[in-house]
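Participant: sequence first, predicted model second:
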Amino acid sequence: MIDLPDQSQRWRCGGCGNLTRFDVTRSRRTTEYWHLDLAGAPAVEDTEVLAETIESVRCRWCGRDDAIEIIARTSAG
């Protein structure tokens, strides 16, 4: 299982060096406020995430899911 990067980190594929494209599979448990219009069509107006689990992260370029690592994010400026 891999963690989400924080504000000072990012993902990197150790296989090909990709820094920007990943397929992320995650599970979320949420509480949502639904507002239904008079015709009954729902609209979700507020969502609270109660729990979230990252199940897998796969590199979009090379397809590896066993080489994803968290590295320090560098300044773009």
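Facilitator: It's in. Here the structure is a predicted model, which is why all the values come from computation and not from measurement.
Participant: and the contacts of stretch 36-46?
Facilitator: 32, 33, 34, 35 (CB atoms under 8 Å, 6 or more residues apart in numbering). (C-beta placed from N, C-alpha, C; glycine too.)
Participant: find the nearest non-adjacent residue to the residue nearest the centre of the chain, please.
Facilitator: What sits nearest the mean C-alpha location of the chain, by CA atoms, centre = their mean, is residue 24, with 5.5 Å. Of all residues not flanking residue 24 in the chain, residue 57 sits nearest, at 5.4 Å (CB to CB, 6 or more residues apart in numbering).
Participant: distance of that neighbour relative to residue 13?
Facilitator: Residue 57 sits 9 Å away from residue 13 when distances are taken as CB to CB, to the nearest Å.
Participant: please enumerate the shared neighbours of those two.
Facilitator: 22, 68.
Participant: and whichever strand or helix holds residue 46, which strands flank it?
Facilitator: Here residue 46, judged by DSSP states H and E, is contained in strand 42-59. With DSSP bridges as the test, strand 42-59 is paired with strand 22-36 (antiparallel).
Participant: in stretch 7-20, what's buried?
Facilitator: 11, 12, 13, 18 (16 or more other CB atoms under 10 Å).
Participant: residues contacting residue 29?
Facilitator: 49, 50, 51, 52.
Participant: what residues are bridge-paired with it?
Facilitator: The partner list for residue 29 in beta bridges (DSSP bridges) reads residue 51.
Participant: any idea how far it is from residue 53?
Facilitator: 9 Å.
Participant: what stretches of the protein score poorly on pLDDT?
Facilitator: Flagging of the chain using pLDDT under 70 yields the residue ranges 1, 75-77.
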